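1. One predicted model, sequence on top.
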Amino acid sequence: MGKSPSTGKKGSGYHGNRALVSDTRSENGSAAFEDPDGDVLSAPPRVESTIVSRETATHHAFAKSRKEDFVYSPTRHYMHILNDHCQWNREVRSALLVVVGHSGDGKSALLANWAEERHCSLKGEREVIYEHYCGCSYDSVKLSLFLFRFMNQLKISYGLRDFELPREHEEEKLKFSFSRCLEAAAGKGEHTTGPAPMRKRIILVLDGIDCIRTEDGGDSLSWLPNTFPPGVRIIVSTTQTLKSHLYRCQKVSRVPAVYDGDGDLIYDVTLPPHDKESRTIRELRRRNAVFMVVEPLDEVSCLAILEMYEQRFSRELDSEVKQLIVSARGSSNPLYVRLLLNGLELFDLTENDQRQQWLKQACESNQLNGVYELLMKQWNVILLKDMFAELHEHTAMLKTATLNPLNDGVFSPTTDRNGTLPSLAKSSSTELPVGNNGPIDQGDLGSLRIKIEQRALLIRHTLSLLAVCRYGLSETDFARLFGDGVPQRVCQQLLALLKPHLMTIYRHDCKGAVQLLVSSATAKSYGNQESGGETVVLYDLSHNQLRLLTRYGFLGDEQLRNCYYRELAVYFEAMEACQRRVDELPVQLERCSMWGVLQNALVNMNMFQLWWSERNRQEFFFYWMVLSSNCSLHDPVDDFVRSLDEYIAQEAPSPEQLLSIFLTITEFLRAWQKVNESRGAHLELSRPKPPQLQEFLNSLGNFSTSSLSESEADRVQKEIDALVFHQDDGYYVRRWLWTQFPLIALVQEMS
């Protein structure tokens, strides 16, 4: 049993005390501290890669979806235990605390809200509280990326100038460096001048440690130390492998919070062993971790959520509705309760009977998927309401017209001769040429029925797009993917219905114009919402349960799944060069095994200038490795020669631009030969030195850079170095220099 000192007497917890956020807090929410030497450390020592900035934005969006986007009714003794674990004025049994519970029991919400509360407390002012939520994005489960982001934050916050941080993809080096980085940061915090309470401490919050995967797909925790330095606390969560059941909260009896005579909380930090427990829990036991079990909702905690919901959103729930929710078959699960409340919001005040009927039906389901399906049905009712009203009106008009024997219509089927529905993107406006343009016939009704069936698939289509995209889609993306067949009003209505189940990701690194070949009608309706240098707002599914339902319920067929991959590949390929295209296009091309198109995308000159930047080059190397592994015919020199020729013909670059591009490609090929040593390593280029090289060097004579500025001299020297063979230049670099020396000579002559 563990015993927590009272927060009132000994200063732990700070449940209610909050402080203003420090002015030195960085944009990503992490505190930036003064270095012991007096320097303020608020910027990373090197350019933040797209992988890192993209992950940071997604983790913030995920945490927000568990905090601000809905209500959270905290269980105070859970918060107390977490705060007690982070006491710095006494020793703890273990620096590692494991939060255990079933899926949907609120582990992520607990950690996100506790971290926010701790950030705003007086203690949080002098703590580096780092949050990582595994599963919130495709990349979030990668061990190498998690380690890199965490250690990068420590390096910034503690000014670890001498600590050499490996790159994002160097997993083994990152694993080896993890303990050393913690020790270096903790040691620097320990020697910070000032009283002990003001020393910087480290709190790592890792949600879903059981989802972390190594580069070979394993779930080993070999990277996690057995011991941690003083001043470090690790809080992780994991899902119990025991079969999870949804049941009524009235059947749940939570372990009551017990306090001693001094008002201190007494709690158990052990987890009874089980023969079917996961490897992750066994590994954590071996590290002497302490445990905290997150229990399902009982009736009191379920009612607390309903009361907070009423206060937060100013919506009053009558006693009958509350009783239905509390007695629902899955009301012990917070996500289940949230979905029921989301469903109630879909009905107008005049639809009380339909609202009650929907709630009763949803409360009979003991599966989250069942509630999601009922939500989707109601979404379709809302989206199809106007079209069904139009259908009934036209049917009545046709019935009246048929009383006249001169009007004899022919019924049109709702499918084509192949038995399939026309594409959503190719369908025309939902308005039919009737009434003002002529009498209604069966053909008009048939066309309207087709449009109803198409719109009925819109929810499924949208969720499938979200499940297939890698990093989220914007409102503009949806509008352009739907085409003119879906009116702007319907698109906005659809997104409004889905938003409670989406997280909003703000991408500050995607600024810049994004242009597509779209119809004038679509462009006029939506404009370019991603131009003008504004932050791009993306939407993605906020809970894995809905993603799994979409993946295995809608996209179980491999052929259909590949169709969606291709649809997104075609969409992003139509974009001009931009960060969104860099993010999504190669992902979808790899999924489709479209190696030729991927090859063209990597060497496209406009894209290459984005790829070969400090922010994107690690992913650039990755996709070249993918291409090398799956396409034995590709040749980087031939690819770049062809692409450069096309670029010259289309863009007519200046000599300075041309030389800059040539030097950049040379730099990439030299770096690539080190990353991919197996390619061309056994080949030798038995040719004399290019004659243009010798002539160029001779023409320099006794050229000196002493009269130039430091930056100009450095630039000129780099150009000269790029034009000569290096001793370690491989086959591809030498071939590239050989093939391009006529062009270099021309550029030098023109400049």
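-> Cool, got the structure. Residues are numbered from 1 along each chain as shown.
2. got a list of what the residue nearest to L174 when sequence neighbours are not counted touches?
-> Once flanking residues are discounted, L174 sits nearest to L147: 4.1 Å by CB to CB, 6 or more residues apart in numbering. C-beta coordinates here come from the backbone N, C-alpha and C atoms, glycine included. Applying CB atoms under 8 Å, 6 or more residues apart in numbering, one finds that L147 lies in contact with E171, L174, K175, S177, F178, W223.
3. and the next element down the chain from the helix or strand containing L147?
-> Counting by DSSP states H and E, the element that carries L147 is helix 143-158. Scanning forward in sequence from helix 143-158 by DSSP H and E, the next helix or strand is helix 171-190.
4. residue ranges with poor pLDDT in the stretch 1-150 of the chain?
-> For the stretch 1-150 of the chain, applying pLDDT under 70 flags the ranges 1-48.
5. Please name the residues that touch the nearest residue to Q545 once chain neighbours are set aside.
-> Leaving aside its chain neighbours, Q545 sits nearest to L368 (5.2 Å; criterion: CB to CB, 6+ apart). Counting by CB under 8 Å, 6+ apart, L368 touches G104, L246, G330, N333, L335, Y336, L339, Q545.
6. ok, now with 10 Å
-> Residues near L368 by CB atoms under 10 Å, 6 or more residues apart in numbering: 103-104, 246, 330, 333, 335-336, 339, 543, 545-546, 548-549.
7. Most neighbours among the contacts of L147, which one is it?
-> Using other CB atoms under 10 Å as the neighbour test, the contacts of L147 are led by L174, with 23 neighbours.
8. May I see the buried residues of the helix or strand encompassing H392?
-> Assigned by DSSP H and E, H392 belongs to helix 368-401. Neighbour counts over helix 368-401 (16 or more other CB atoms under 10 Å) mark 368, 370-372, 374-375, 378-380, 383-384, 387, 390-391, 394, 397-398 as buried.
9. if you go through the stretch 501-650 of the chain in chain order, where are the helices?
-> Under the criterion DSSP state H, counting those that start in this stretch, the stretch 501-650 of the chain contains helices at 520-526, 544-549, 558-573, 579-592, 595-603, 605-611, 617-630, 636-651.
10. helices or strands next to the third one in the packing?
-> What that stands for is helix 558-573. Judged by 3 or more CB pairs under 10 Å, 6 or more residues apart in numbering; DSSP states H and E, helix 558-573 is in contact with helix 458-468, helix 475-482, helix 579-592, helix 595-603.
11. roughly how far is it from the heart of the chain?
-> 19 Å (CA atoms, centre = their mean, to the nearest Å).
12. Next, the angle from the helix holding H392 to helix 458-468.
-> Angle, helix 368-401 to helix 458-468, by axes from the mean of the first three to the mean of the last three CA atoms, to 10 degrees: 150 degrees.
13. Output the lowest mean pLDDT helix or strand found in this protein.
-> Using mean pLDDT, DSSP states H and E, helix 7-10 stands out as the lowest-scoring helix or strand of the chain, at a mean of 37.
14. Following the chain onward from that one, which element is next?
-> From helix 7-10 onward toward the C-terminus, using DSSP H and E, the following helix or strand is helix 50-65.
15. coming back round to it: arrange the contacts of L147 in a markdown table, one row each, with distance to S140 and pLDDT as further columns.
-> As requested, those are exported to a markdown table (distance: CB to CB, whole Å; pLDDT from 0 to 100):
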| residue | distance to S140 | pLDDT |
| --- | --- | --- |
| E171 | 15 | 92 |
| L174 | 15 | 95 |
| K175 | 17 | 95 |
| S177 | 20 | 94 |
| F178 | 17 | 95 |
| W223 | 16 | 95 |
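16. Return the closest of the residues you listed with respect to I234.
-> Of all these, F178 has the smallest distance to I234: 11.3 Å, by CB to CB.
17. For the stretch 251-400 of the chain, just list every one of the strands.
-> 258-259, 265-267, 290-293 (DSSP state E, counting those that start in this stretch).
18. Among the helices of the stretch 501-650 of the chain, single out whichever gets nearest to A467.
-> Closest to A467 of those, according to CB to CB: helix 544-549, at 5.6 Å.
19. Can you tell me what sits against the closest one?
-> Identification of contacts with helix 544-549 by CB under 10 Å, 6+ apart yields 103-104, 108, 135-136, 208, 211, 335-336, 339, 368-369, 371-373, 375-376, 463, 466-467, 498, 501-502, 540-541, 543, 551, 553.
20. show me what contacts the nearest residue to L555 once chain neighbours are set aside?
-> Of all residues not flanking L555 in the chain, R561 sits nearest, at 4.7 Å (CB to CB, 6+ apart). By CB under 10 Å, 6+ apart, R561 lies in contact with S464, A467, V468, R551, F554, L555, R591.
21. Quick check, E164 in contact with F176.
-> No - look at E164 against F176 with CB atoms under 10 Å: they stay out of range, at 11.3 Å.
22. Relative to N562, how far out is the closest residue to A257 other than its chain neighbours?
-> Ranked by CB to CB, 6+ apart and with sequence neighbours excluded, the top spatial neighbour of A257 is H77, at 4.0 Å. Using CB to CB, to the nearest Å, we find H77 at a distance of 50 Å from N562.
23. Which one's more surrounded, the two?
-> With neighbours defined as other CB under 10 Å, H77 and N562 compare such that H77 has more, 20 against 15.
24. can you give me phi and psi for the more buried one?
-> Main-chain torsions, H77, degrees, to the nearest 10: phi -70, psi -20.
25. contacting residues around it?
-> For H77, the contact set (CB under 10 Å, 6+ apart) comprises S4, D84, R254, V255, P256, A257, V258, Y259, L265, I266, Y267, M292.
26. Show me which of those residues is closest to E299.
-> Of all the contacts of H77, E299 sits closest to R254, with 9.8 Å by CB to CB.
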